[in-house]
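A.B. asks: From the sequence below, what's the structure:
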Amino acid sequence: MIFNNAEKVLNEIEKAAQAQNKPGNVMLPIIGREKGSVLEDVIKKVQPTNVLEIGTLVGYSAILMAKNMRKGKITTIEALKKNREAAKLNIERAGLSKKVEIMHGNALDIIPALEGPFDFVFIDAEKTEYLRYLKAAETKMTKNAVVVADNVKRFEKEMKDFLKYVRESDNYRSALHDFGADGVEVSRRIRIAL
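C.D. replies: The predicted structure follows:
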């Protein structure tokens, strides 16, 4: 039943995003089905028990992840109040409120106070801050945690430091999932930086 509710809400959010995708409108930047398939596949494979999501928007990716998790919970952080309220409603309608906790505020202020440890981190927020988000989260991450980052081709310039870090440091094994105009980076932590 929850799966059906979650699918229904995901479809509604997709329709709303498409309706907004007209000249002069600001598009609703959800991960969508195509790139979201990477997120779903990794969640199904890893089956994390404690997920940190940075950037909730309207709850699309939180629902996508939660419906594919057998157990565990998601802590998601959203800076904008109106997005948080929309996300709360969408997550409730999807029947996933027990699995998802939404926090409101600046992720860089909230992450240090979180308990953790997180075995999965999804980053889809302010593009220039990806490395700072990751560095803040690292102290709360398990040794083999998986980090998924959205928009890594579309905003490659803005997150150059983040991409250099996950691709070139010895702390992660990282791979780009290329979708032409955009991409998703999946990085597995293999070493804890000293």
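A.B. asks: Surely Thr75 is within a strand?
C.D. replies: Yes. Applying DSSP: H, G, I helix; E, B strand; the rest coil, one finds Thr75 inside a strand.
A.B. asks: Isn't it up against Val51?
C.D. replies: Yes. Using C-beta atoms under 8 Å, Thr75 is in contact with Val51, at 7.0 Å. Placement of C-beta: from N, CA and C, glycine included.
A.B. asks: Between those two, which is the more surrounded one?
C.D. replies: Val51 (26 against 21; other C-beta atoms under 10 Å).
A.B. asks: Backbone dihedrals for the most centrally placed residue in the chain, please?
C.D. replies: Central residue of the chain (C-alpha atoms, centre = their mean): Phe122, 3.1 Å from the mean position. Here is the backbone geometry of Phe122 (degrees, to the nearest 10): phi -120, psi 120.
A.B. asks: intersection of neighbour lists for Thr75 and Val51?
C.D. replies: Here Thr75 and Val51 have Phe118 as joint contacts, going by C-beta atoms under 8 Å, 6 or more residues apart in numbering.
A.B. asks: Test my guess that the residue nearest to the centre of the chain contacts Tyr60.
C.D. replies: No. Contact criterion C-beta under 8 Å: Phe122 and Tyr60 do not qualify, at 11.4 Å.
A.B. asks: Could you tell me which residues make contact with the nearest residue to Asp182 once chain neighbours are set aside?
C.D. replies: The shortest distance from Asp182 to any residue other than its chain neighbours is 4.3 Å, reached at Arg154 (C-beta to C-beta, 6 or more residues apart in numbering). Applying C-beta under 8 Å, 6+ apart, we find Arg154 in contact with 181-183.
A.B. asks: Can you tell me which of those lies closest to Ala136?
C.D. replies: Nearest to Ala136 out of the contacts of Arg154 is Gly183 (C-beta to C-beta; 23.2 Å).
A.B. asks: gap between that closest one and Thr142?
C.D. replies: 25 Å (C-beta to C-beta, to the nearest Å).
A.B. asks: Fine, thanks again, bye for now.
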